[in-house]
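Asks: Sequence and computational prediction follow.
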Amino acid sequence: MNFAYVQLTLAQLRIFARNRQMLFFTLLFPLLLMIMLGSFVGQGGGVSLDTVIVDHDGTPQSQSLIASLEFQSVSPLKAIAGSNETQALDALKKGDKQFVIVIPKGYGEQIAAVSAPSASSSASAGKLAVYFDETDATRANLGLAVIGQLVDGVSKKITQYKPAVTIEGKGVRSLNLKYIDFLVPGIVAMMIMSNNLNGVAGQISSWRERGVLRRMQSTTLRAPTFIAAQITARLLLNGVQALVLLLIGSLIFHTQVNGSWWLLILFVVLGTLAFMAIGFIIAGLAKTPDSAGPIAGVISFPLMFLGGVFFPINSMPAAFQGVVKLLPISHLSTALRQVMNVGAGMSELWPQAALLGGWTIVAFIVASFTFRWD
């Protein structure tokens, strides 16, 4: 093994370990961002339909209805009996409850009249008042549909209705993904981009200005050895940081890797190479470290929001999606997300691998023309 390559790799790793500011922004910042976003919006719990049933009738028929609704209540509907309509409506206005069902006086008499053998077709059905928050249309529509379905079942039982057509449920298990499952792979992709695009551009520019690269050039060190050591050190750094993020995501938010770890590592490598190559291009074009940072920032900052890190690409305007899907960050975040959440294999992810590989090859070719030792 090339001695210079090993020494350069170890030296680069020591530089990483001693630069606490760099470690904060490359590891702790993505970690804190993941924890904050995951804690506030990442759990993505289901819609709550807490319901209070107020009984003004107090008859066996109303008690039977309450028992049926409480017994049949399944998530997201949670129905409990209450005694005070005013308090229940106040809780609804404050947002503590989502629905209030009021059983009016005379409900039992109406039910008895409808269910009697001699009841005429013109007999009026009992009516329940269902109060809801009209400012939350989505929850209101869902809740009314659920409550209507449960009440309809009670009504059919009372009238001895025998359905002519029935359905047979066939369950299909879904992925049941939460926002945190979408977020964690995106944060890993963002970290890889920031570490290599910003990190390489700033470090190489700084070494050039301080004459470090010029002194390296005057030795027997060859450019491929120098670049290989840089790649190895950053691959090790990115691998450790990605593993830390995934472990913390698993421990705190219960995220998991459903696909192959080797495929996940492959995309970490491809992402590292692609963004390192872009970083070398910026380092070659920037005249000073002061200019390298802003150039890298102008490129990386929009990519965080356009590359599917925090928001799905298909939620963006259609006019942008064609351009966004050509960006390396979008394919890196998509590939990591597909491996972790869906368990996709290379047969599904070869387009992402091909595009990241294409970016790597083209960017390193361009970097070979822009790279300067002094």
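Replies: Arrived safely, thanks for sending.
Asks: Output the longest helix belonging to the chain.
Replies: Among the elements of the chain assigned as helix by DSSP state H, the one spanning the most residues is helix 223-253.
Asks: Give the rounded mean pLDDT of that one.
Replies: Computed over helix 223-253, the mean pLDDT rounds to 84.
Asks: what angle separates the helix or strand following that helix from helix 223-253?
Replies: Downstream of helix 223-253, the next assigned helix or strand under DSSP states H and E is helix 261-285. Angle between the axes of helix 261-285 and helix 223-253 is 130 degrees (criterion: axes from the mean of the first three to the mean of the last three Cα atoms, to 10 degrees).
Asks: which strands and helices sit next to helix 261-285?
Replies: helix 179-193, helix 199-209, helix 223-253, helix 289-306, helix 328-337, helix 346-370 (3 or more Cβ pairs under 8 Å, 6 or more residues apart in numbering; DSSP states H and E). Using the backbone N, CA and C atoms, a C-beta is placed for each residue, glycine as well.
Asks: Show residues contacting the first one.
Replies: The set of residues external to helix 179-193 that reach it, using Cβ atoms under 8 Å, 6 or more residues apart in numbering, is 26-27, 30, 33-34, 37-38, 41-44, 238, 241-242, 245-246, 249, 253, 255, 268, 271-272, 275, 300, 303-304, 307-310, 312, 328-329, 332-333, 336-337, 339-341.
Asks: Give me the residue at the spatial middle of this protein.
Replies: The centroid of the chain falls nearest to Phe182 when counting by Cα atoms, centre = their mean (2.2 Å).
Asks: What separation do you get for that one and Thr272?
Replies: Taking Cβ to Cβ, to the nearest Å as the measure, Phe182 falls 22 Å from Thr272.
Asks: again, but for Val146
Replies: Taking Cβ to Cβ as the criterion, Val146 is separated from Thr272 by 49 Å.
Asks: got it, and Tyr107?
Replies: Going from Tyr107 to Thr272 by Cβ to Cβ gives 69 Å.
Asks: which one of those two has more residues nearby?
Replies: Taking neighbours as other Cβ atoms under 10 Å, Tyr107 and Thr272 compare with Thr272 leading, 25 against 21.
Asks: Now stretch 209-219: buried residues?
Replies: Within stretch 209-219, the residues scored as buried using 16 or more other Cβ atoms under 10 Å are Glu209, Leu213, Met216.
Asks: Please apply the same query to stretch 127-144.
Replies: With burial defined by 16+ other Cβ under 10 Å, the residues of stretch 127-144 counted as buried are Leu128, Val130, Tyr131, Phe132, Arg139, Ala140, Leu142, Gly143.
Asks: Sort out which of the residues you listed are in strands and list them.
Replies: In strands, defined here by DSSP state E, the members of the buried residues of stretch 127-144 are Val130, Tyr131, Phe132.
Asks: Setting aside sequence neighbours, what's the nearest residue to the last one?
Replies: Going back to what we said before, that points to Phe132. The shortest distance from Phe132 to any residue that is not its chain neighbour, by Cβ to Cβ, 6 or more residues apart in numbering, is 4.6 Å, and that residue is Ala140.
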